[in-house]
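1. Show me how the following folds:
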Amino acid sequence: MRPVIPYVTAALLFGLGVYGVLRRRNAVLVLMAVELMLNAVNLVLVTADTTVRATLPHGGQVFALFVIVLAAAEIGVGLAIVLALYRLRANVAVDEIPLTGDDAPSATADEDQVVQA
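-> Numbering: from 1, shown residues only. Just a heads-up that it's a prediction; the model follows:
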């Protein structure tokens with residue numbers, strides 16, 4: 001078997017996943033793009049395992065199994081965070097997530113209103 005076709009397919013899958021992570025605004029679609037990237041890595045690991053079998057027998061398949069377990073855990077935690085975010089904000093747009101942790105309005109805005117009144 002020529003390993004070029006699976007490697008090119010994995011590169012296309014990984015590129016599509018990177019595009020999805022960088023361009024999507026919905027958190028669920030970002031998680032799906034991350035899954036595409038993890039599946040591309042699995043394809044590379046299994047292809048490398050079938051082409052280079054002399055050094056470590058079935059090593060690529062074992063690593064691919066670990067990546068599948070990692071992906072399942074990532075989806076569990078990621079969806080829990082997305083559901084909590086949706087319950088809190090009623091929106092799962094990645095651009096609108098506050099990164100500072102301050103949900104209250106700033107004190108200077110309150111002071112400006114008092115000064116103007």
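2. Pull up the per-residue confidence for the residue nearest the centre of the chain.
-> Nearest to the geometric centre of the chain sits residue 34, at 3.4 Å (Cα atoms, centre = their mean). For residue 34, the model assigns a pLDDT of 92.
3. How about residue 42?
-> 90.
4. Distance check, it against residue 5.
-> Counting by Cβ to Cβ, to the nearest Å, the gap from residue 42 to residue 5 is 16 Å. C-betas here are computed from N, CA, C, even on glycine.
5. Output the contacting helices and strands for the longest helix seen in the chain.
-> Among the segments of the chain that qualify as a helix by DSSP state H, the longest is helix 59-89. The criterion is 3 or more Cβ pairs under 8 Å, 6 or more residues apart in numbering; DSSP states H and E, and the helices and strands that helix 59-89 contacts are helix 27-51.
6. and the angle for the helix it packs on with helix 59-89?
-> Calculated by axes from the mean of the first three to the mean of the last three Cα atoms, to 10 degrees, helix 27-51 forms an angle of 180 degrees with helix 59-89.
7. List of residues touching helix 27-51?
-> 1, 3, 6-7, 9-11, 13-14, 16-21, 24, 58-61, 63-64, 67-68, 70-71, 74-75, 78-79, 81-82, 85, 92-94 (Cβ atoms under 8 Å, 6 or more residues apart in numbering).
8. Apply 7 Å and report the result again.
-> Contact partners of helix 27-51, identified using Cβ atoms under 7 Å, 6 or more residues apart in numbering, comprise 1, 3, 6-7, 9-10, 13-14, 16-18, 20-21, 24, 58-61, 63-64, 67-68, 71, 74-75, 78, 82, 85, 92, 94.
9. Tell me which helix or strand in the chain has the weakest average pLDDT.
-> Lowest mean confidence among the helices and strands of the chain (mean pLDDT, DSSP states H and E): helix 107-116, at a mean of 55.
10. what about the closest residue to residue 58 other than its chain neighbours, how many residues close to it?
-> With sequence-adjacent residues excluded and distances taken as Cβ to Cβ, 6 or more residues apart in numbering, residue 58 is closest to residue 49, at 6.5 Å. For residue 49, the neighbour count with other Cβ atoms under 10 Å is 18.
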